[in-house]
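A.B. asks: starting from these lines, generate the structure:
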Amino acid sequence: MYEEPVIVNTGGALSAAEFWQYQVKGFSYRGVERIYPASIAKLFYLVAIQEWLQGGMVAESLELNRAIRDAIIASSNDATSLLVDVLTGTTSGPELPANPFETWQKQRNIINRYFASLGWSELESINVNQKTWCDGAYGRERAFLGELMENRNMLTTDAVARLLHSIIGGVAVSSERSQKMMQLLKRSLNPAEFVDSDGENQITGFIGEALPRDAQIWSKAGWTTQVRHDAAYIEVPGVSPYLLIIFTEGRDNAQNKSIIPFISRHILEGQ
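C.D. replies: Residues are numbered from 1 along each chain as shown. Next comes the predicted model:
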């Protein structure tokens, strides 16, 4: 919860040094548990690609901008595949001989090395070196996951909270880049705008479903047959702004679209 003075969604009015001096009020339950994040990993790729663009490590283009937009707004796995390729200089394909594959793996881990360089304790146990898939990984991508899938993406709710906190605080990469990221994360609560043709979206069955229509939400959801997650920054009139990160596991929980709205509703009522 962000009590007065509210230090987020200010357009980057505070410097990074000043921003990180403020302590926020909150709690977590199993916040350090490593869980497969599904599309929540795209938040980390969003920050990383903005860092690469800011530093001139990659060049801006219409196609890259389209992929960034589709990865976050539509949660496209195909768009995310391009982002990971651009970030790491790697591509998917057939299995590789041992030495080229070792080089390929080192390149793919550049995203992990970037987040480790931030020095945040919340990020020490994370892994964000894999693409997101619809049907699954093949070839070198499957080999990279490991025989028992031990190298799959893993995040904690504490790690996601710290990253989202930095974005809405305007200190992720830069204030300008943070604002661009927030624009992509902004969700409409108008049912006419967020219902897709297949019935899937990032509001129904997620945190935003339980919010009043005059609320504002910036979020990224993720779901598979085994997990259902959401991460959001929320502003409701008359209530202190707050972050809410919810991860659920298990086939039954993943298919249950009432759990996350139920938690969201009770968190709001308790503000």
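A.B. asks: A231 contacts V160, correct?
C.D. replies: Yes: A contact is recorded between A231 and V160 when judged using C-beta atoms under 8 Å, the distance being 4.9 Å. (C-beta placed from N, C-alpha, C; glycine too.)
A.B. asks: looking at this protein, which helix or strand is least sure?
C.D. replies: Of the helices and strands making up the chain, the lowest-confidence element is helix 191-194, at a mean of 76, by mean pLDDT, DSSP states H and E.
A.B. asks: which is the next helix or strand following that helix?
C.D. replies: If you walk from helix 191-194 toward the C-terminus, the next helix or strand you reach (DSSP states H and E) is strand 216-223.
A.B. asks: next helix or strand past that next one?
C.D. replies: On the C-terminal side of strand 216-223, the nearest following helix or strand under DSSP H and E is strand 227-235.
A.B. asks: pairing partners for whichever helix or strand comes after that following strand, with directions?
C.D. replies: For strand 227-235, the succeeding helix or strand toward the C-terminus, using DSSP H and E, is strand 242-249. Taking DSSP bridges as the criterion, strand 242-249 forms sheet pairs with strand 227-235 (antiparallel).
A.B. asks: hang on, the earlier thing: hey, what's in contact with both of A231 and V160?
C.D. replies: Here A231 and V160 have I40, L43, I245 as joint contacts, going by C-beta atoms under 8 Å, 6 or more residues apart in numbering.
A.B. asks: what's the spacing between the residue positioned nearest the centre of the chain and E60?
C.D. replies: The chain has L43 as the residue nearest its centroid, 2.5 Å off, counting by C-alpha atoms, centre = their mean. Per C-beta to C-beta, to the nearest Å, L43 is found 20 Å from E60.
A.B. asks: K42 against S81, yeah?
C.D. replies: No: with contacts defined as C-beta under 8 Å, K42 does not count as touching S81, sitting 11.1 Å away.
A.B. asks: shared neighbours, these two?
C.D. replies: Residues within reach of K42 and of S81 at once, by C-beta under 8 Å, 6+ apart, are T132.
A.B. asks: which one's more surrounded, these two?
C.D. replies: Relative neighbour count places K42 above the other of K42 and S81, with 25 against 18, counting by other C-beta atoms under 10 Å.
A.B. asks: in contact with the closest residue to that one other than its chain neighbours, which residues?
C.D. replies: With sequence-adjacent residues excluded and distances taken as C-beta to C-beta, 6 or more residues apart in numbering, K42 is closest to A71, at 5.2 Å. Contacts of A71 were listed using C-beta under 8 Å, 6+ apart, and they are K42, Y45, L46, A79, T80, L83.
A.B. asks: ok, now L243?
C.D. replies: So, once contact is read as C-beta under 8 Å, 6+ apart, L243 ends up touching G26, A161, L164, H165, I168, A231, A232, Y233, I234.
A.B. asks: same question, Y45
C.D. replies: By C-beta under 8 Å, 6+ apart, the residues touching Y45 are A71, T80, L83, V84, L87, I111, V128.
A.B. asks: so how far is the longest helix seen in the chain off the chain centroid?
C.D. replies: Longest helix of the chain, by residue count under DSSP state H: helix 41-54. A distance of 10 Å separates the C-alpha centroid of helix 41-54 from that of its chain, computed with C-alpha atoms, centre = their mean, to the nearest Å.
A.B. asks: can we start the residue count at 45 from this point?
C.D. replies: New numbering, starting at 45: the last item is helix 85-98.
A.B. asks: the residue in the chain sticking out farthest from the centre and F188: what is the separation?
C.D. replies: Checked against the mean C-alpha position of the chain, the extreme residue using C-alpha atoms, centre = their mean is P141, at a distance of 32.8 Å. From P141 across to F188, the span is 14 Å (C-beta to C-beta).
A.B. asks: also A298?
C.D. replies: Relative to F188, A298 is positioned 24 Å away (criterion: C-beta to C-beta).
A.B. asks: ok, now S222?
C.D. replies: Spatial separation of S222 from F188 under the definition C-beta to C-beta is 31 Å.
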